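Trainee: Here is a sequence together with a model predicted from it:
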Amino acid sequence: MIADVEQGMIAMLKSRWALLGNGAALNEFDINLDFNDVLNTPAVAVATEKFGTTFSTDETIHVEPVISLYHVFKNVGKPDQRRLGIYPVVTGCMQILSGQDFGLGIDPLRVAGGNEVYHEKLKTMGLIGYKCDYRTSFDLDPFDPDSSYSVALLSEGLNYYSNLIQVARDSITYPED
């Protein structure tokens, strides 16, 4: 489910950006590559860096991920000049993403805060970064070894990390058992 939320965020931003970006493409990068693959700006990356859980009396697991959206822009000069364009984009993304559930049955995304990203690689490349955190939540049923869904979901991840499949999913739709 978490990967579906991350993908939904990127897809939503790209679709809105295409309508509003005056022909400028919204590029993606992989935050795990330490900003080494930021070739064109503006660029975004999404990563779930932490999540909390609680359990209900019926042992349902309530998952509360914090999903970070990284924004990278070309540093256009003095701090006051570069922020003239950054803040409208960052706050615009907040407006686009806040309240979205992407049809996944999750609680709508809500902005949880943000901060400027200080990283030597960005400075060297003449770039500036911002990170905005979003929160959502959803429930997971406890693992049931007799459920085809539970077994299929766990098998999906294990097969991916065993190199048996090329693309893994973290949500699978199966008919009720």
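Mentor: Thanks, I have it. Bear in mind the structure is a predicted one, so any value in this text is a computation, not a measurement.
Trainee: Let me know the secondary structure of whatever residue is furthest in space from the centre of the chain.
Mentor: For the chain, the largest distance from the centre (CA atoms, centre = their mean) belongs to Asp146, which lies 31.9 Å off. Three-state call for Asp146 (DSSP: H, G, I helix; E, B strand; the rest coil): coil.
Trainee: what's the neighbour count on Arg16?
Mentor: Per other CB atoms under 10 Å, the neighbour tally for Arg16 reads 16. In short, each C-beta sits where N, CA and C put it, glycine included.
Trainee: ok, the nearest residue to it once chain neighbours are set aside to Val44 distance?
Mentor: Residue nearest to Arg16 in three dimensions, not counting chain neighbours: Ile96, with 5.0 Å by CB to CB, 6 or more residues apart in numbering. Distance of Ile96 to Val44, computed by CB to CB, to the nearest Å: 11 Å.
Trainee: Give the residues shared as contacts by these two.
Mentor: Both Ile96 and Val44 are contacted by Leu13, under the criterion CB atoms under 8 Å, 6 or more residues apart in numbering.
Trainee: neighbour count winner among those two?
Mentor: Per other CB under 10 Å, whichever of Ile96 and Val44 has more neighbours is Val44, with 23 against 17.
Trainee: contacting residues around the strand or helix carrying the more buried one?
Mentor: Per DSSP states H and E, Val44 falls inside strand 43-55. For strand 43-55, contacts defined as CB under 8 Å, 6+ apart pick out 2, 5-6, 9-10, 13, 26-32, 61-72, 93.
Trainee: cool, and stretch 6-23?
Mentor: By CB under 8 Å, 6+ apart, stretch 6-23 touches 24-26, 28, 44, 46-48, 67, 69, 92-93, 96-97, 100, 102, 104, 109, 134.
Trainee: can you pull up the bridge partners for the closest residue to Thr41 other than its chain neighbours?
Mentor: Once flanking residues are discounted, Thr41 sits nearest to Lys74: 4.7 Å by CB to CB, 6+ apart. Legend: beta-bridge partners of Lys74 under DSSP bridges are Leu127.
Trainee: and Lys74, how many neighbours?
Mentor: 16.
Trainee: Hmm, it is touching Asn40, no?
Mentor: No: assessed by CB atoms under 8 Å, Lys74 is found out of contact with Asn40, at 9.2 Å.
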